[in-house]
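K.L.:
3D, please:
(2 chains)
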2 protein chains.
Amino acid sequence: METTVRRRKHWGWGYEDQQPSHEEVRNAGAGIRAQLGFEPLDAEQPVPLSEVELPAARLEPPPALGELCSVDPHDRASHAYGRSYRDIVRAFRGRFDHPPDVVAYPREEDDVRRLLEWCDQARAAAIPYGGGTSVVGGVEAAVGDGYAGAVSIDLSRLDRVLDIDEVSRAARIQAGASGPVLEDQLRERGLTLRHYPQSFEFSTLGGWIATRAGGHFATLYTHIDDLVESVRALTPSRGVWESRRLPGSGAGVSPDRLLIGSEGILGVITEAWVRVQARPTFKASAPVHFESFAKGAEAVRAISQAGLYPSNCRLLDPTEAAITGSASGGKALLVLGFESADHPVDAWMERALECCRDHSGEGSADGGRRTADGVSTWRQAFLQAPYLRDTMIAAGVLSETFETAMTWDRMDAFVSGVLERATTALRETYGAGSLSVRFTHVYPDGAAPYFTLLAPAKRGSELEQWDEVKAAASEAVIAAGGTITHHHAIGRDHRPWYDQQRPEPFAEAIRAAKKALDPHGILNPGVLVDPA
Amino acid sequence: METTVRRRKHWGWGYEDQQPSHEEVRNAGAGIRAQLGFEPLDAEQPVPLSEVELPAARLEPPPALGELCSVDPHDRASHAYGRSYRDIVRAFRGRFDHPPDVVAYPREEDDVRRLLEWCDQARAAAIPYGGGTSVVGGVEAAVGDGYAGAVSIDLSRLDRVLDIDEVSRAARIQAGASGPVLEDQLRERGLTLRHYPQSFEFSTLGGWIATRAGGHFATLYTHIDDLVESVRALTPSRGVWESRRLPGSGAGVSPDRLLIGSEGILGVITEAWVRVQARPTFKASAPVHFESFAKGAEAVRAISQAGLYPSNCRLLDPTEAAITGSASGGKALLVLGFESADHPVDAWMERALECCRDHSGEGSADGGRRTADGVSTWRQAFLQAPYLRDTMIAAGVLSETFETAMTWDRMDAFVSGVLERATTALRETYGAGSLSVRFTHVYPDGAAPYFTLLAPAKRGSELEQWDEVKAAASEAVIAAGGTITHHHAIGRDHRPWYDQQRPEPFAEAIRAAKKALDPHGILNPGVLVDPA
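P.N.:
Numbers count the residues shown, from 1 in each chain, chains lettered A, B, ... in the order given. Model prediction:
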């Protein structure tokens, strides 16, 4: 049923034709292990799909929906997981415990309505699927025995920019448009959304909205939330949920904010008006080095509280700066950038650099060049990371991240406490490995620390090992008052800690809201809250 | 029971001891009418409370709550209404159709819990009351016959700043703290919230959060929403709703955003952590004149889309500029201001003034002076307006506003269409009068037009006359795609149009959420949605 010639890898990042040869993987894997100081271990090959026996599909689509639906093994396998470490490890090994029974590709909004109608009648779980890049089990059909089966509703064919309002700088875009697909359409009019999560290449507008994705901007417009002007979604039992296009409103609770972050449990987002902008023409960036992460954090706090709003303000600890090749010598690196489509940004950058110097930061603006420094090195590494991770997994290397947010007053103790707890767990579980931290987004009242872990995994024990470390890290984050996620969503994987975090009356409210719109609890059961 | 010596006027704005003598009101009223070109009409006096017979209280608080509760006529009358035109007219005439049966003054959070428990058991409506400055019927005990009575829960004694975190620039503040009361406490530490709605003198933090109040900043942090770090509220049946202090989060739907704008129907907000800031030391302001409102709007759009984020960017049409004495000669006036606690704002102001000149705006920055121009004149008028309105009402002058928001692409037609429809209704109903417009808040994708109406009212027909015009204006706003309010909330008065505006599935979700937290529907019944 999937008609595009180019197929996504059923187990990892990117397209099948992008997968390097096993020889290349072996060499790269050996190099990575050596660079990380891990003992040599030959890279494995993924279990080919032809050797995987998927459980038989439990659902048969009604004839009228037949041409939208696929039970092809590649479709089912490639929609079985997101793209977390535990997802890729399982798929790599040919383990598919509960793939969706059917993958549906609606071509227009009314197809989505008909699919929901069928799922509701059939008591099948309906899992909205954007780019499948969830790292928290957000699209996995682990729905339990209460359902007749599960349908993955892949919105990738709803990928058009439907309207562009150049005056208001806004665009109406279908939910299934991926980052490059929507940016290509906006570029024709000189506009851009500039929302660049690490998953940009595959993740979709609808997925970003459903998961409150974090994007390009390190300050101010940190989440997709801030770029949403209105949302349109379909509910199983109450029809269309569509808000008005408004630049701002105080009319009761924001309807958009109730859909944003709902992870597909209240409705299937089909399109949204988003705020776009002119492509920036003035740019300045500066790599600034600090003696320590804590020193850099002081400068970042000063910049955040100064009202300067840099587009980039990412602080890498010495380990992370060294790993990405952006800095050496044990220094922390601040990747600082300003951009504007309207005016030179020198005054802004100058003041930000003053803030850095006040905290012993060393660096200067590049005057517009964006190639010859740690900034571009880091950016390239950022976007290549998901590809590289597939190779790491083949080479037996744990490569995973977790992230959170914390106010400034408790930041130092929080970061060092979480690092300590997670490092202990990493050492105990893996016997080796490294843990690094950066700030991805910063605010006047705090920042979002993002932790990266690399360790030599034990073949066959990857899931148990990682689950151990993830649990330790999550417990440390939650116990110290952080959030279980700043921009990776809850899904199924974060539930144990999210359930401790969210106010219980709020969870009751969400459960009741879901029950009203989705009485049979078909929409993405298991994420966020359990259906009432 | 009310122990403060200074009492609020039971019918209008401010304290009893601030009310000018009737002689002063007569003279001022005559002057206003003459200035507005209305025929002379002698000012009336308010019906003294001693001549008002309130309906007998239907509730008797249990002994344990007795000392928190009052059935004193002044307490009941002064909590019967908000402070809209229709509120003040009714109270002025001694008309109190459904005052609360009891006014309760909790002194600590647990008192609120006990009061809710009593109301829930007694099936009495519980109306959270902050400063009583609602202009949309948000605190009026028009709850219907389904309740044993109504209790106004006045939070004014919960007015302390409980914690200040200078590092993160955040403060934990009780919900009943009014603008001046919380700013006084923050000032001791050199900090400020800088949320200045027109009701600043009396409205409270809890009220701002419950109603998504609009504040000082014309851009960026336009609503209290943006300043809230976490919220604590009590629900009738599910206990405490408290979110974590987080600078940002992507953990599911934002719990705070579900309380913000909930207008007291989901819980009673008792405190919040809010983002504060250092007091600004660098300021620049500039009055800029434009040939027309539409010309000024073009400049404002350019400034909004340039990413300059002025603290003030209010555009007054020629009528409004003339009425407030800020400009003459038929010009529109842009009140432009930048402020910072960190850096000089010259570069920002310079670029904004360039945007103005690009659209034929004439003006220049004042270099820090804030006294000798239209800016300060306008600001003074802004804060005095509620006092002045009491005099206008005594003098038989309609003085009211309505406000909305719209994207830029449809702005010109929207503003002129609404002006035309409302002016027609004003002329038909009042035979005379003026209608003016300003932008109070501006965004990259649109702005919030705010309309002010002045007309000679017919004694005894004030409500019918205003209801006619308000309905015409609201219909025009809703039909043209606007929001029924940008920052005045929904309350009971906006319901007919809000019900057309909000997505129906969203309303179902909110009703269900309310039912889960407030099964007997005691909390502020009638605002936002009808209890399920």
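
K.L.:
ok, the residue of the stretch 401-532 of chain A found nearest chain B - contacts?
P.N.:
Proximity of the stretch 401-532 of chain A to chain B (CB to the nearest CB) peaks at residue A:446, 3.0 Å away. C-beta coordinates here come from the backbone N, C-alpha and C atoms, glycine included. Contact analysis of residue A:446 by CB atoms under 8 Å, 6 or more residues apart in numbering or on different chains lists A:405, A:406, A:407, A:408, A:411, B:168, B:246, B:247, B:248.

K.L.:
give me the pLDDT for it.
P.N.:
Here the pLDDT value assigned to residue A:446 is 98.

K.L.:
then residue A:411?
P.N.:
Per-residue confidence at residue A:411 stands at 98 (pLDDT).

K.L.:
quickly find the element holding it.
P.N.:
Element membership of residue A:411 [criterion: DSSP states H and E] is helix A:411-430.

K.L.:
put the alpha carbons of whichever helix or strand comes after that helix into PDB.
P.N.:
Sequence-wise, the next helix or strand downstream of helix A:411-430 (DSSP H and E) is strand A:434-443. This file holds the C-alpha atoms of strand A:434-443, laid out as PDB (Å, rounded to 0.1, in the frame of the first residue of the first chain):
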ATOM      1  CA  SER A 434      30.200   9.000  29.800                       C
ATOM      2  CA  LEU A 435      27.500  11.400  30.700                       C
ATOM      3  CA  SER A 436      27.400  15.000  29.500                       C
ATOM      4  CA  VAL A 437      25.000  17.800  29.800                       C
ATOM      5  CA  ARG A 438      23.900  20.900  27.900                       C
ATOM      6  CA  PHE A 439      21.300  23.500  28.100                       C
ATOM      7  CA  THR A 440      19.000  23.400  25.100                       C
ATOM      8  CA  HIS A 441      16.600  26.100  26.000                       C
ATOM      9  CA  VAL A 442      16.900  28.900  28.500                       C
ATOM     10  CA  TYR A 443      14.400  31.200  30.300                       C
END
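
K.L.:
so which residues on the stretch 1-150 of chain A come close to chain B?
P.N.:
Within the stretch 1-150 of chain A, no position is near chain B by CB under 8 Å from any CB of the partner chain.

K.L.:
re the thing from before, and the helix holding residue A:411, what's buried?
P.N.:
A:411, A:414-415, A:417-419, A:421-423, A:425-426, A:429-430 (16 or more other CB atoms under 10 Å in any protein chain shown).

K.L.:
show me the strands in the stretch 251-400 of chain A, by range?
P.N.:
Using DSSP state E, counting those that start in this stretch, the strands of the stretch 251-400 of chain A run over A:268-275, A:277-278, A:282-290, A:312-316, A:332-340, A:362-363, A:397-403.

K.L.:
nope, the stretch 401-532 of chain A is what I was after
P.N.:
Using DSSP E, counting those that start in this stretch, the strands assigned to the stretch 401-532 of chain A run over residues A:406-407, A:434-443, A:446-456.

K.L.:
now residue A:401. Nearest residue, chain neighbours left out?
P.N.:
Distances taken as CB to CB, 6 or more residues apart in numbering or on different chains put residue A:452 closest to residue A:401, at 5.0 Å, once the chain neighbours are dropped.

K.L.:
my read: the one you found touches residue A:322, true?
P.N.:
No. Residue A:452 lies out of contact with residue A:322 (CB atoms under 8 Å); the separation is 12.0 Å.

K.L.:
ok, now which ones touch residue A:528?
P.N.:
Counted by CB under 8 Å, 6+ apart, residue A:528 has contacts A:262, A:263, A:265, A:490, A:495, A:498, A:510, B:252, B:253.

K.L.:
who's in contact with the third one?
P.N.:
If a contact means CB under 8 Å, 6+ apart, then residue A:265 has A:510, A:514, A:518, A:523, A:524, A:525, A:527, A:528, A:529, A:531 as its contacts.

K.L.:
export the residues you listed as TSV, with columns for distance to residue A:144 and pLDDT.
P.N.:
Formatted as TSV, the contacts of residue A:265 follow (distance: CB to CB, whole Å; pLDDT from 0 to 100):
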residue	distance to residue A:144	pLDDT
A:510	19	98
A:514	16	98
A:518	16	98
A:523	14	98
A:524	12	98
A:525	7	97
A:527	13	97
A:528	15	96
A:529	14	94
A:531	10	79
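
K.L.:
and residue A:240, helix, strand or coil?
P.N.:
Classification of residue A:240 using DSSP: H, G, I helix; E, B strand; the rest coil returns strand.

K.L.:
so it sits against residue A:233, correct?
P.N.:
Yes. Using CB under 8 Å, residue A:240 makes contact with residue A:233 at a distance of 7.5 Å.

K.L.:
which of the two has more neighbours?
P.N.:
Using other CB atoms under 10 Å in any protein chain shown as the criterion, residue A:240 and residue A:233 rank with residue A:233 on top: 29 against 15.

K.L.:
close to chain B, is stretch A:461-479?
P.N.:
No. Judged by CB under 8 Å from any CB, stretch A:461-479 stays clear of chain B, getting no closer than 9.3 Å.

K.L.:
now do the buried residues in that stretch.
P.N.:
Along stretch A:461-479, these residues count as buried under the neighbour rule (16+ other CB under 10 Å): A:462, A:465-466, A:468-470, A:472-478.

K.L.:
now, which of those lie within helices?
P.N.:
Those of those mapping onto helices are A:462, A:465-466, A:468-470, A:472-478, per DSSP state H.
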